[in-house]
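1. Give me coordinates for this.
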Amino acid sequence: MYERKTLPNLNCGLDLIGEVLYGKWKIRLLWFISQGHQRPSELQRKIPDATRRVLNIQLNELEDHELITKKIYPVMPPKVEYSLTDFGKTLIPVISALGTWGDKNEEHLRSVILRRLEA
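-> This next block holds a predicted model:
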């Protein structure tokens, strides 16, 4: 398991949100869980570029930060479902606003990203 070598900078709200949401798939995981995709296999289908291992790590981190809860059903094979906590639900309007901004600026964002990749 990865052990951090330096302590995170937690001096302001942006530092805190960065610490909690840092990870390529966390925002999408929160969004998809809020939309009712609760099983790990459903989340994997929604984010096929992510490995199951990385998704599990990021789901565990979201759980550690109390944004989601994990329910394990005592059946065989084991069944797991994730849901947002009340605290996690407070992030959904913020994620929605970011998505709306991205949609409104899609052309510009796509061009600057592609330009950087081509450089």
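2. Residue 17 and residue 93, how far apart?
-> From residue 17 across to residue 93, the span is 14 Å (CB to CB, to the nearest Å). Where you see a C-beta, it was placed from the backbone N, CA and C, and this is true even at glycine.
3. Name the residue in those two with the higher neighbour count.
-> In this view residue 17 and residue 93 are compared by other CB atoms under 10 Å, and residue 17 has more residues nearby, 12 against 9.
4. List the buried residues of the helix or strand that contains the more buried one.
-> Residue 17 is part of helix 13-21 when elements are defined by DSSP states H and E. Neighbour-count burial for helix 13-21, with 16 or more other CB atoms under 10 Å as criterion, is recorded at 20, 21.
5. what's the answer for stretch 46-66, then?
-> 46, 47, 50, 55, 58, 59, 61, 62, 65.
6. Equivalent analysis for stretch 93-107, please.
-> residue 95.
7. pLDDT averaged over that stretch - what is it?
-> Taken as a whole, stretch 93-107 has a mean pLDDT of 96.
8. Can you lay out the buried residues of stretch 46-66 as TSV showing distance to residue 38 and pLDDT?
-> Listed next are the buried residues of stretch 46-66 as TSV, based on distance: CB to CB, whole Å; pLDDT from 0 to 100:
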residue	distance to residue 38	pLDDT
46	11	95
47	14	95
50	17	94
55	13	96
58	15	96
59	11	97
61	17	96
62	13	97
65	18	96
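9. I'd like to know which of these is nearest to residue 12.
-> For the buried residues of stretch 46-66, the closest approach to residue 12 (CB to CB) belongs to residue 65, at 17.1 Å.
10. Now do the closest one against residue 114, distance only.
-> 33 Å.
11. Could you look up the SS state of residue 112?
-> helix (DSSP: H, G, I helix; E, B strand; the rest coil).
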